[in-house]
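**Student:** Sequence plus the predicted model coming up.
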Amino acid sequence: MLYRIMVVDDEILIAEGVAQMVREMEGWELDVENAFSARQALELAQKRRFDLIVLDVQMPGMNGLEMLRALRGGDNRAQVIFLTAYSDYSYMREAMQLGAFDYVLKIDGLKALRESVRRALTEHERALDEMAGRLRGLSQSDGRMREAAVREAFFRDEAGDARFLVIAGVCVNAPFPGGVEQRRAEIFLETSLCELLGAAAYSEPMGDGASLWLIRLAAETPPPGVEESIAQAAELAEKETGLIFNFSVGRACVARAEIAAAYARLVGRARISEREPVVLGESPDALLRADSPGDLLSTLKKYVRAHLGGDLSLSALAGILHVNASYLSRLFSRGCGQTLTEYVTDERMRAACALLRDTQWQIQEIAARVGFDSASYFTNVFRRRLGISPQKYREDARGGRRR
């Protein structure tokens with residue numbers, strides 16, 4: 001299961017160093033992003049779901065404690081580890097009162113932080129297992145003995161302003177498509193979505209192994225991280241029932257009268273043969289639609305090469321391609337023999353080498369052109385990948401000793 005982590009520190013070298021340390025942790029599938037201010041972090045948290053946030057206390061504009069209060073006020077349940085140079089007990093006490101998972105001093109080093117992150121992820125896995133057990137009981141007790149009553153309750157809307165996020169689902173490995181086992185798995189999934197999204201969910205068989213899924217919302221657009229929440233629910237269902245579902249998710253919430261048309265647009269895209277949970281978004285851009293995993297990887301590589309200076313995090317790329325991040329991560333590793341993060345770094349280094357050889361631009365400008373916020377961090381990555389500094393590479397290339 002993919003866990004999404006954000007590292008927040010106004011000192012770029014520290015933020016990038018911590019993020020790299022977390023990426024290198026073994027035993028988990030991790031998507032790690034950086035933010036360099038509390039306000040930038042809050043903006044990211046409004047767009048994407050994070051499971052864990054590593055957060056500096058003292059930052060200009062808004063400090064880490066103020067940011068955590070804002071997160072909790074918005075019902076954000078991400079675990080938070082404070083990383084700080086301050087050992088003031090009052091900071092620690094307030095952090096714990098706000099529900100922080102841990103408080104790590106920078107002087108204790110990366111080993112202490114790594115252990116804290118490991119404990120936070122282990123706790124998160126335990127909480128998911130507990131949730132799966134609770135959902136198992138709920139879904140089994142329902143048994144869908146009251147299908148008509150459940151449907152009536154879901155669609156009851158006295159104000160008449162409810163909107164519905166339409167999702168098409170297809171079970172790809174049910175022994176009897178649309179049979180009892182699939183329906184039990186669908187009820188488990190439905191209950192999982194209610195828990196993960198904090199919203200009413202409803203599913204209805206549509207024949208031939210396909211099903212209509214609805215999330216009742218009051219907004220015109222889906223909440224941030226909805227596709228990853230659906231992917232998480234699908235992975236829990238696979239673990240619990242052994243059945244694998246692929247989903248295609250609408251990009252906007254619709255009125256009840258528009259549900260059938262929205263489902264018809266989505267169901268064909270959900271009928272793919274991948275034997276692992278896949279969540280596809282409804283792409284508004286035909287150029288980003290892919291008919292096969294190979295097409296998707298080809299489109300992804302072209303996009304990366306054309307946008308080296310932009311946000312090429314796993315989360316951002318998954319959003320652009322309208323697939324869930326966990327599927328994209330596994331697909332890329334399986335199809336390309338390296339992680340997506342490694343590929344992006346390789347392409348950025350390749351472009352940086354060309355700019356060092358062929359232009360007079362300063363190192364800082366080249367760093368920005370290939371997607372680095374800090375020239376110092378760019379230099380560290382360049383030296384780690386090529387065994388030489390950018391300046392030395394430039395000197396050798398111009399001297400004819402490096403090609």
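**Tutor:** Arrived safely, thanks for sending.

**Student:** Which element, helix or strand, includes the residue nearest to Gly250 when sequence neighbours are not counted?
**Tutor:** Computed as CB to CB, 6 or more residues apart in numbering, the closest residue to Gly250 that is not its neighbour in sequence is Val166, at 4.4 Å. Every C-beta, even on glycine, is put in place using the N, C-alpha and C of the backbone. Per DSSP states H and E: Val166 is located in strand 163-171.

**Student:** The helix or strand following that strand to strand 163-171, inter-axis angle?
**Tutor:** Using DSSP H and E, the helix or strand that follows strand 163-171 in sequence is helix 180-197. Calculated by axes from the mean of the first three to the mean of the last three CA atoms, to 10 degrees, helix 180-197 forms an angle of 140 degrees with strand 163-171.

**Student:** List the buried residues in helix 180-197.
**Tutor:** Applying a neighbour-count criterion of 16 or more other CB atoms under 10 Å, one finds 182-197 buried in helix 180-197.

**Student:** just to revisit the earlier point, and for the residue nearest to Gly250, the neighbour number?
**Tutor:** 26 (other CB atoms under 10 Å).

**Student:** where's it relative to Arg183, distance?
**Tutor:** Counting by CB to CB, to the nearest Å, the gap from Val166 to Arg183 is 20 Å.

**Student:** next one: Val7
**Tutor:** For Val7, the distance to Arg183 equals 42 Å [CB to CB].

**Student:** what does Lys239 give?
**Tutor:** If you measure Lys239 against Arg183 using CB to CB, the figure is 18 Å.

**Student:** can you check Ala201 too?
**Tutor:** With distances taken as CB to CB, Ala201 is found 15 Å from Arg183.

**Student:** Over to Arg114?
**Tutor:** The spacing between Arg114 and Arg183, counted by CB to CB, is 44 Å.

**Student:** what ranges do the helices span in the stretch 1-150 of the chain?
**Tutor:** Under the criterion DSSP state H, counting those that start in this stretch, the stretch 1-150 of the chain carries helices at the ranges 12-23, 38-47, 64-73, 89-97, 109-142, 147-155.

**Student:** can you list the weak-confidence ranges in this structure?
**Tutor:** Along the chain, segments meeting pLDDT under 70 span 75, 131-153, 156-160, 272-293, 400-403.

**Student:** Help me confirm that Glu29 comes into contact with Ile5.
**Tutor:** No - if you go by CB atoms under 8 Å, Glu29 and Ile5 don't touch, sitting 11.1 Å apart.

**Student:** the more surrounded of these two?
**Tutor:** More crowded of Glu29 and Ile5, by other CB under 10 Å: Ile5, with 25 against 14.

**Student:** Where do the domain boundaries of this structure fall?
**Tutor:** 2-127, 145-282, 288-403 (automatic domain parsing).

**Student:** buried set for the host helix or strand of Arg348?
**Tutor:** Assessed by DSSP H and E, Arg348 sits inside helix 340-358. The neighbour-count check on helix 340-358 (16+ other CB under 10 Å) flags 340-341, 343-345, 347-349, 351-353, 355-356 as buried.

**Student:** ok, now stretch 16-26?
**Tutor:** Going by neighbour count (16+ other CB under 10 Å), the buried part of stretch 16-26 is 16-22.

**Student:** same question, stretch 251-269
**Tutor:** Within stretch 251-269, the residues scored as buried using 16+ other CB under 10 Å are 253-254, 259, 262-263, 266-267, 269.

**Student:** what's the distance between the residue nearest to Gly250 and Ser87?
**Tutor:** 51 Å.

**Student:** try Leu55
**Tutor:** Distance of Leu55 to Ser87, given as CB to CB: 16 Å.

**Student:** So if I had to pick from these two, which one is more boxed in?
**Tutor:** The neighbour comparison of Leu55 against Ser87 (other CB under 10 Å) goes to Leu55, with 27 against 12.

**Student:** Identify the residues contacting that one.
**Tutor:** Taking CB atoms under 8 Å, 6 or more residues apart in numbering, we find Leu55 in contact with 8-9, 41, 64, 67-68, 80-83.

**Student:** do the same with Ile81
**Tutor:** Counting by CB under 8 Å, 6+ apart, Ile81 touches 52-55, 100-104, 113, 116-117, 120.

**Student:** Just list whatever residues bridge to it.
**Tutor:** Val54, Asp102 (DSSP bridges).

**Student:** All the strands of the stretch 251-400 of the chain, residue numbers only.
**Tutor:** Using DSSP state E, counting those that start in this stretch, the strands of the stretch 251-400 of the chain run over 278-281.

**Student:** on that earlier part again, which among the buried residues of stretch 251-269 gets closest to Leu317?
**Tutor:** Arg269 (18.7 Å; CB to CB).

**Student:** Now the spatially closest residue to that closest one that is not a sequence neighbour. Its backbone dihedrals?
**Tutor:** Closest residue in space to Arg269, ignoring its immediate chain neighbours: Ser248 at 4.2 Å, by CB to CB, 6+ apart. Main-chain dihedrals, Ser248, degrees, to the nearest 10: phi -120, psi 130.

**Student:** Please tell me how far Ser248 sits from Leu42.
**Tutor:** With distances taken as CB to CB, Ser248 is found 30 Å from Leu42.

**Student:** out of those two, which sits in the more crowded spot?
**Tutor:** Between Ser248 and Leu42, Ser248 has the larger neighbour count (other CB under 10 Å), namely 25 against 18.

**Student:** any idea how far the more buried one is from Gly335?
**Tutor:** Distance of Ser248 to Gly335, given as CB to CB: 21 Å.

**Student:** that older thread, need the contact list for the residue nearest to Gly250.
**Tutor:** Neighbouring residues of Val166 by CB under 8 Å, 6+ apart: 212-214, 249-250, 254, 259, 262-263, 266.

**Student:** ok, so of these, who is nearest Gln232?
**Tutor:** Among the contacts of Val166, and counting by CB to CB, the member closest to Gln232 is Val249, at 13.4 Å.

**Student:** What about that closest one? Give its phi and psi, please.
**Tutor:** The phi and psi values for Val249, taken as degrees, to the nearest 10, are phi -110, psi 130.

**Student:** so it sits right up against Gly169, yeah?
**Tutor:** No - in this structure Val249 lies outside contact range of Gly169 using CB under 8 Å: 9.7 Å.

**Student:** hang on, the earlier thing: distance to Leu386 for the buried residues of stretch 251-269 - can I get that in TSV?
**Tutor:** Below are the buried residues of stretch 251-269 laid out as TSV (distance: CB to CB, whole Å):
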residue	distance to Leu386
Cys253	48
Val254	51
Ile259	54
Ala262	50
Tyr263	51
Leu266	46
Val267	48
Arg269	42
